[in-house]
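Undergrad: The following comprises the amino acid sequence and a computationally predicted model.
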Amino acid sequence: MEGSVRTVRLRLTLLYTGLFLVAGALLVALVYVLARFSPFPGPAPAPTAPGGGGPPAGTLGPDHVEQAANLHRLLVNSLVAFAVAAFAAMVLGWFAAGRALRLLGAMTATVRRITAERLDRRLPVSGPDDELRRLAVTFNDLLDRLEGAFTAQRRFVANASHELRTPLTLQRATAEIALADPEADAESLRAVLGRMLAAGEHQERLIEALLTLARSQEGLHRRERLDLAAVTAQALRHGDDPGPRIEASLHPAPAFADPALIERLVANLLDNARRYNVPGGWITAWTGVTGGRPTLRIRNSGPPIPAERVPLLLQPFQRLESGRKAGRDGLGLGLSIVAAIAEAHHGTLEVRPLSEGGLDVTVALPGPVLEEGQA
């Protein structure tokens, strides 16, 4: 990288010097031509004495000889001055290029020290508000996003490993206890197999959720015309939880999206609304077009949620409560999958806690005409 900076400095110096040489050569040539063939009148020649005191025909007089000598001296002096000025221009160009590239050199040294383990370093931002300063600011913004992505990836991998290891450990411990009991009968073994089957189902749901999250973050591969009202109505019919009271006001909301991902988005929102509710609670579902955008809004009662904790709910494996209760409540991936699906569709997701408890979640997708035109 340092060699490339030096190459840029040398190229800039040669560019400065070349431009000066061209301009200087044109200046010397112009001065010589103007002095040799000046269109402007000069002083009148001195009068000659009568009686043929002038030079013989076909020869140059003293004035012409002196004029030619002056032109020669002017040309030589101009070329000498031009050579000295060219050398000075090259030296000054070298130092000017070095000063202009000083920030780039500091940026290069900092980038060399940046690794995947040390993303906290930033490029120096100083000097005037020029292109190099804006480049440093842009690169620092990129490093901020990279550091956030690396941190989120490490946290996600650690949490996913923990979530997958827990049911595996439970299955192994259950099997070892059953095998170590010499008096185990068929009924106890069936109970052990039931617990192992439940742990396996938990793993399947977790893996399916992780795959959905990964697919959402990759972007969209297919889009079809659909209606958020029809998708929400189908999800409500599949719900088998008699607990919360559900009120639906479903108006047509045509969209151009991935049907499988939108179905998962609606199912996750309704599942969250049912799972994190209170006895005798309620759920409202609304679909329609707001500002030309197909919109889904799910509101539910539930325990009070601090406003500062809401952004955490959009991160994978983040729950309001920890421990066993959190483990029973769900996988901790519901809203993070919703956020990823909304982002993949270039939509917006707004999550607000209700003052009496529960959440108000609004998802707005781009209009179908715009999306179809982009596709």
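TA: Here it is on my side, so go on.
Undergrad: now the host helix or strand of residue 144, how far from the chain's geometric center?
TA: Here residue 144 sits within helix 131-180, counting by DSSP states H and E. Chain-centre distance of helix 131-180: 20 Å, with Cα atoms, centre = their mean, to the nearest Å.
Undergrad: Then stretch 294-304?
TA: Going by Cα atoms, centre = their mean, where stretch 294-304 is centred and where its chain is centred differ by 30 Å.
Undergrad: and if you look at stretch 274-289?
TA: Taking mean C-alpha positions (Cα atoms, centre = their mean), stretch 274-289 and its chain are 35 Å apart.
Undergrad: secondary structure element for residue 351?
TA: Using DSSP H and E, the element containing residue 351 is strand 348-353.
Undergrad: contacting residues around stretch 281-289?
TA: 228-229, 232, 236, 243-254, 270, 273-274, 277, 294-302, 358 (Cβ atoms under 8 Å, 6 or more residues apart in numbering). C-beta coordinates here come from the backbone N, C-alpha and C atoms, glycine included.
Undergrad: Just give me how far stretch 292-305 sits from the chain centre.
TA: 29 Å.
Undergrad: How about stretch 119-126?
TA: 17 Å.
Undergrad: got a list of contacts for it?
TA: By Cβ under 8 Å, 6+ apart, the list of residues contacting stretch 119-126 reads 103, 106-107, 110-111, 113-114, 133, 136-137, 139-140, 143, 146-147, 150.
Undergrad: Tell me which other helices or strands the helix holding residue 144 touches.
TA: helix 102-113, helix 186-218 (3 or more Cβ pairs under 8 Å, 6 or more residues apart in numbering; DSSP states H and E).
Undergrad: now the angle between helix 131-180 and the last one, please.
TA: Okay, so that is helix 186-218. 170 degrees (axes from the mean of the first three to the mean of the last three Cα atoms, to 10 degrees).
Undergrad: what packs against helix 186-218?
TA: Partner elements for helix 186-218 (3+ Cβ pairs under 8 Å, 6+ apart): helix 131-180, helix 259-275, helix 334-344.
Undergrad: For that helix, the averaged confidence score.
TA: Averaged across helix 186-218, pLDDT comes to 75.
Undergrad: picking that back up, looking only at pLDDT, what's the mean for the helix holding residue 144?
TA: Computed over helix 131-180, the average pLDDT equals 75.
Undergrad: Likewise for stretch 233-241?
TA: Stretch 233-241 comes out at a mean pLDDT of 76.
Undergrad: Ok, stretch 294-301 next?
TA: Per-residue scores along stretch 294-301 average to 94.
Undergrad: what does it rub up against?
TA: Counting by Cβ under 8 Å, 6+ apart, 228, 232, 244, 253-255, 265-266, 269-270, 272-274, 276-278, 281-289, 354, 356-365, 367-368 sit against stretch 294-301.
Undergrad: Out of these, which sit inside helices?
TA: Among these, DSSP state H puts 228, 232, 265, 266, 269, 270, 272, 273, 274, 368 in helices.
Undergrad: ok, the fourth one - how many residues close by?
TA: The burial count assigned to residue 266 is 24, neighbours taken as other Cβ atoms under 10 Å.
Undergrad: same check, this time on the third one
TA: The burial count assigned to residue 265 is 31, neighbours taken as other Cβ under 10 Å.
Undergrad: Surely it touches residue 363?
TA: Yes - using Cβ atoms under 8 Å as the test, residue 265 is close enough to residue 363 to be in contact (6.7 Å).
Undergrad: got any residues that touch both of these two?
TA: By Cβ under 8 Å, 6+ apart, the residues touching both residue 265 and residue 363 are 296, 338, 342.
Undergrad: contacting residues for the last one?
TA: Under the criterion of Cβ under 8 Å, 6+ apart, the contact partners of residue 342 comprise 265, 348, 349, 363, 365.
Undergrad: Need the distance between the two termini of stretch 110-118.
TA: Using Cα to Cα, to the nearest Å, one end of stretch 110-118 lies 11 Å from the other.
Undergrad: hmm, back to that, what is the nearest of the ones in helices among the contacts of stretch 294-301 to residue 186?
TA: residue 274 (36.5 Å; Cβ to Cβ).
Undergrad: Could I get the pLDDT score of the closest one?
TA: 89.
Undergrad: Roughly how far does residue 305 sit from residue 140?
TA: Applying Cβ to Cβ, to the nearest Å, the value for residue 305 to residue 140 is 34 Å.
Undergrad: now do residue 289
TA: 40 Å.
Undergrad: starting at the chain centroid, how far to stretch 14-28?
TA: So, by Cα atoms, centre = their mean, the centroid of stretch 14-28 is 43 Å from its chain's centroid.
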